[in-house]
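**Student:** give me the fold of what follows.
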Amino acid sequence: MTPEGRLSAAIDLLHAVFDQPRRPADAISADFFRARRYIGGSDRRAVSDLAWGVLRQRLRLEWWIAQTGARLTPRLLVLAHLLLAEKRKLVEAARLFDGGRFAAGPLDAGEMGVGEQLVGKPLTGKEMPDGPRMNLPDWAMPGLTARFGDALDAESLAMEATAPLDLRVNLLKSTREAAQAALRAEGLISETTPFSPWGLRLPGRTPITGTAAYKAGVIEVQDEGSQIIAALVGARGGMRVVDYCAGAAGKTLAMAATMNNQGRVTACDVSVPRLEGATKRLRRAGVHNAETHLLEAGDRWVKRRAATFDRVLVDAPCTGTGTWRRNPDARSRTGAEDLRELLGKQHEILATSAHLVKPGGRLVYATCSLLPEEDEVQVEAFLASHPAFRAIPLSTAWAEAGLPGTPPTTAEHLLLSPGAHGTDGFFCAVLERTALEKAG
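**Tutor:** Next comes the predicted model:
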């Protein structure tokens, strides 16, 4: 493809993203390129880089376009990206819109006028409000400011950085040293992660699914923070364990490994496709002590199994603010109303899943959010209304899980962030049931 053709394809991809505002951009992108198999690998990378560059800087680009009074379009976002982020000259950028048969249509007078107003402007200007300056949506600013205070500038920069590729070594099939050697034999040089004893780290966007180690189930893609949460559950052989919001079962896989395929772990979710994907991953990883369960309306599964599980992990649905460096489109895809709805869901899921925990067992609540209202505020509300539960200090849970060294924070609960720890943003609280609830 010509540079003009690549730009045109990137605009088409952005149109697809904007036409499906509730759907993750990576899923839309997969469908987009699947329908255009004629686009080769290098061209696909170039188109994706431009589209994702726009999505990463969308809040800033939108702010600058708004200052011109123009109506927002994917074409203007791409033009603004070329001028502000790539520092192209206007005549050079305009040429990419008018290069022949497969190019986007020429810039009209209005678009040229916007370009003229943007030339020479900095991507991040002092005149910008804090939100677009830090590339953070307005709805999340109160919570992030409360969380980080003066450190928010540094954390916002970390949220924009390219995330590394973290891998979890499957202890059912290998050791970390052996897996690292296997990757090295395929030309992939990895580092060990600083906190997780199972983790390896590669540069971001390293192709891994074609390696022999991945195909054999020796490694799984999983952020180090997620690995730590699975470890803090403290699942051991012979226990009965529930991954209540299992999704694709990444933490189920990790817990099955700590259980050495002994005992029973149940992966629950409300999505049939996610559970089908989980079943395939479990099979490839050599997990034999896991089962899946579909949570449906009217399901009496929780009631029938009340107070029978040693460990219950609730990896709750959340805004995903901790994963924005991987999912930049989520900054614009999620809003204040989503946050309100999720807070209600988190409260309900915590209360429901608590019934499964037997006395002496533990309920582990986790999110990939950095917002206090989704994290410790939820835990405090739960403990206030469930006196049969108590919080286990992070230092205690860390030591009991056999994690190396000391926890990365001295707080009561785990909080990881891209800026402070190099992981995605995660929160985790370990709660222990001391007695059964008294009947009302």
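
**Student:** for the chain, longest strand please?
**Tutor:** The longest strand of the chain (DSSP state E) is strand 357-367.

**Student:** for the following helix or strand past it, list the C-alpha coordinates in CSV.
**Tutor:** Sequence order places helix 376-385 as the next helix or strand after strand 357-367, per DSSP states H and E. Extracted in CSV, the C-alpha atoms of helix 376-385 (Å, rounded to 0.1, in the frame of the first residue of the first chain):
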residue,chain,number,x,y,z
GLU,A,376,-11.3,0.3,49.0
VAL,A,377,-14.6,2.2,49.3
GLN,A,378,-16.4,-0.9,48.1
VAL,A,379,-14.5,-3.1,50.5
GLU,A,380,-15.2,-0.7,53.4
ALA,A,381,-18.9,-0.8,52.6
PHE,A,382,-18.9,-4.6,52.4
LEU,A,383,-17.2,-5.0,55.7
ALA,A,384,-19.5,-2.5,57.4
SER,A,385,-22.5,-4.6,56.3
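
**Student:** hmm, who's touching helix 376-385?
**Tutor:** Helix 376-385 has contacts (Cβ atoms under 8 Å, 6 or more residues apart in numbering) with 316, 343, 346-347, 350-351, 354, 365, 389-391, 413, 427, 429, 431. The way it works is simple: take the backbone N, C-alpha and C, and place the C-beta from them, glycine included.

**Student:** tell me which element residue 17 falls in.
**Tutor:** Taking DSSP H and E as the definition, residue 17 sits inside helix 3-19.

**Student:** hmm, who's touching that helix?
**Tutor:** For helix 3-19, contacts defined as Cβ under 8 Å, 6+ apart pick out 1, 25, 28-29, 31-32, 36, 39, 43, 46-48, 50-51, 54-55, 74-75, 77-78, 95-100, 102-104, 329.

**Student:** export only the CA atoms of that helix, formatted as CSV.
**Tutor:** Taking C-alpha atoms only, helix 3-19 is exported to CSV below (Å, rounded to 0.1, in the frame of the first residue of the first chain):
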residue,chain,number,x,y,z
PRO,A,3,1.3,6.0,2.4
GLU,A,4,-1.9,7.6,1.1
GLY,A,5,-3.6,4.2,1.0
ARG,A,6,-2.5,3.4,4.6
LEU,A,7,-3.9,6.7,5.8
SER,A,8,-7.2,6.1,4.0
ALA,A,9,-7.4,2.6,5.7
ALA,A,10,-6.7,4.1,9.1
ILE,A,11,-9.5,6.6,8.6
ASP,A,12,-11.8,3.7,7.7
LEU,A,13,-10.8,1.8,10.8
LEU,A,14,-11.5,4.8,13.0
HIS,A,15,-14.9,5.2,11.4
ALA,A,16,-15.6,1.6,12.4
VAL,A,17,-14.5,2.3,16.0
PHE,A,18,-16.6,5.4,16.2
ASP,A,19,-19.6,3.7,14.7
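
**Student:** quick one: distance of whichever helix or strand comes after that helix to the chain centre.
**Tutor:** Counting by DSSP H and E, the next helix or strand C-terminal to helix 3-19 is helix 25-34. Taking the mean of its C-alpha atoms, helix 25-34 sits 17 Å from the chain's own mean (Cα atoms, centre = their mean, to the nearest Å).

**Student:** please name every helix or strand in contact with helix 25-34.
**Tutor:** Packing partners of helix 25-34 (3 or more Cβ pairs under 8 Å, 6 or more residues apart in numbering; DSSP states H and E): helix 3-19, helix 41-56.

**Student:** at 10 Å what do you get?
**Tutor:** helix 3-19, helix 41-56, helix 330-333 (3 or more Cβ pairs under 10 Å, 6 or more residues apart in numbering; DSSP states H and E).
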